[in-house]
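Chemist: one predicted model, sequence on top.
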Amino acid sequence: MPCHPPNIPSIIAAFERVPHCRELGVTVVELHHGHGLMYVPYDEKLIGNPRTGALHGGVVTTLMDTIGAVVVMASVPASMPLATLDLRIDYLRLAAAGRDIFASAECYKVTAHVAFVRGLAYQETFRDPIAHCASTYMLGGSGFSPRAKSEAKGGGQPC
Amino acid sequence: MLKTIESLKASGNIPAINELIPYAGVVGLEAFQDESGLVTVLRYRASNIGNFILQAIHGGVVGALLEHAAILHLLSETELKAVPKIVNLSVDFLRPCLAGDTYARGKVIRQGRRIANVRAEAWQQNPDRPVAAAHAHFLLTQ
């Protein structure tokens, strides 16, 4: 089976079509093989705590799940189906109102069926993170997708 | 605003607290009471789609539903007066969450003096076939 390496521009193009990422204004800053950076602009409509003006935790969860999926795509053969298995977020400090949230993540291990990601969310600098995330992604179809069985044979081993 | 949340909490009106949260309106989070307690709903919106091939809801919004359900449930089940601060959240994605309304219910597993452990489960057609489950810790500030 021929192995097609990840195509970064096509991954970014596919990401830019995701309706919920468009809704929140999530933008890729940079994407490389296995790691990347994106951000969500501060927007009052996304506030989760009206008293502090902080964005809803769901915005951070969405950002971390998205950057995780994108860095996995940038680590495995092109067009490999994937699905989030689990995601854990530690909230390290309160996010400041009025500031964009950045997320950087790294896909640090790819096995035949699972990819492992760690990432940080921050505002001013990654040295003062607001959240840490660890997530795993099922590769080659999770059993969720109708194509799962046939795709699973290809596995997720890097080219 | 805090005062509003406190007075709504005092009157037990959790759905009205939900309406004060702008993000809830954007993604379609609502709350209502049924015979078993509080239910949090994520209404279907095309703008919540995260996988346009499967037409599945973005995992981040499913996580948001579970976090939101855990917070509202904690407010409804305890004597807390302020919105609890989340410490961490762990979400397991169990099935694809397809285009349609998604429901969630929370359960306080343990409430200590400073920390509460809450679980939440989300489903679409059948509560016995959950699409996602989460557990979270909250810091209780009085």
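Modeler: Sure thing, it's come through.

Chemist: next up, the contacts around the closest residue to A:A74 other than its chain neighbours.
Modeler: Spatially, and ignoring its direct neighbours in sequence, A:A74 is nearest to A:P6 (5.0 Å; C-beta to C-beta, 6 or more residues apart in numbering or on different chains). Glycine gets a C-beta too; all of them are placed from N, C-alpha and C. By C-beta atoms under 8 Å, 6 or more residues apart in numbering or on different chains, the contact list for A:P6 reads A:H33, A:M73, A:A74, A:S75, A:V76, A:P77, A:A78.

Chemist: okay, and residue 134 sits in which element?
Modeler: Looking at chain A here, since you left the chain open. In this assignment (DSSP states H and E), A:A134 forms part of strand A:129-139.

Chemist: right idea, wrong chain: chain B
Modeler: Per DSSP H and E: strand B:130-139 holds B:A134.

Chemist: please apply the same query to A:R22.
Modeler: Under the criterion of DSSP H and E, A:R22 resides in helix A:19-24.

Chemist: which strands or helices does that helix pack on?
Modeler: helix A:57-73, strand B:49-51 (3 or more C-beta pairs under 8 Å, 6 or more residues apart in numbering or on different chains; DSSP states H and E).

Chemist: scan chain B for its longest helix.
Modeler: Longest among the helix segments of chain B by residue count, using DSSP state H, is helix B:59-77.

Chemist: which SSE is immediately downstream of it?
Modeler: Sequence-wise, the next helix or strand downstream of helix B:59-77 (DSSP H and E) is strand B:85-93.

Chemist: what mean pLDDT does the helix or strand following that following strand get?
Modeler: Moving toward the C-terminus from strand B:85-93, the next helix or strand (DSSP H and E) is strand B:102-111. Per-residue pLDDT over strand B:102-111 has a mean of 96.

Chemist: relative to the following helix or strand past strand B:102-111, what are the paired strands and their orientations?
Modeler: Toward the C-terminal end, the helix or strand that comes next after strand B:102-111 (DSSP H and E) is strand B:115-123. Paired strands of strand B:115-123, with direction, are strand B:102-111 (antiparallel), strand B:130-139 (antiparallel) (DSSP bridges).

Chemist: so where's chain A shaky on pLDDT?
Modeler: Low-confidence segments of chain A (pLDDT under 70): A:1-2, A:141-159.

Chemist: in it, which spans are helices?
Modeler: A:8-15, A:19-24, A:57-73, A:148-152.

Chemist: what's the most buried one of these?
Modeler: helix A:57-73 (a mean of 28; mean count of other C-beta atoms under 10 Å in any protein chain shown).

Chemist: just want the angle from that helix to helix B:59-77.
Modeler: If you take axes from the mean of the first three to the mean of the last three C-alpha atoms, to 10 degrees, helix A:57-73 sits at 150 degrees to helix B:59-77.

Chemist: what angle do helix A:57-73 and strand B:85-93 make?
Modeler: Going by the same axes, to 10 degrees, helix A:57-73 makes 40 degrees with strand B:85-93.

Chemist: what residues does the helix or strand bottoming out on mean pLDDT in chain B touch?
Modeler: The least trusted helix or strand in chain B, going by mean pLDDT, DSSP states H and E, turns out to be helix B:2-10, with a mean of 69. Contacts of helix B:2-10 from elsewhere in the structure, counted by C-beta under 8 Å, 6+ apart, are A:P50, A:R51, B:I14, B:A16, B:I17, B:L20, B:L75, B:L80, B:K81, B:A82, B:V83.

Chemist: and that helix with helix B:59-77, angle?
Modeler: Here helix B:2-10 runs at an angle of 70 degrees relative to helix B:59-77 (the same axes, to 10 degrees).

Chemist: what's downstream of helix B:2-10, the next helix or strand?
Modeler: Using DSSP H and E, the first helix or strand after helix B:2-10 is helix B:14-18.

Chemist: just the pLDDT for the residue of chain B most remote from its centre.
Modeler: Distance from the centre of chain B peaks at B:I53, with 26.4 Å (C-alpha atoms, centre = their mean). Model confidence at B:I53, expressed as pLDDT, equals 88.

Chemist: which SS class is it?
Modeler: coil (DSSP: H, G, I helix; E, B strand; the rest coil).

Chemist: so A:A105 makes contact with A:L63?
Modeler: No: counting by C-beta atoms under 8 Å, A:A105 does not reach A:L63; the two are 9.5 Å apart.

Chemist: buried ones among the contacts of A:P6?
Modeler: A:M73, A:A74, A:S75, A:V76, A:P77 (16 or more other C-beta atoms under 10 Å in any protein chain shown).

Chemist: and the residue nearest to A:A74, how far is that from B:Q124?
Modeler: Going from A:P6 to B:Q124 by C-beta to C-beta, to the nearest Å gives 32 Å.
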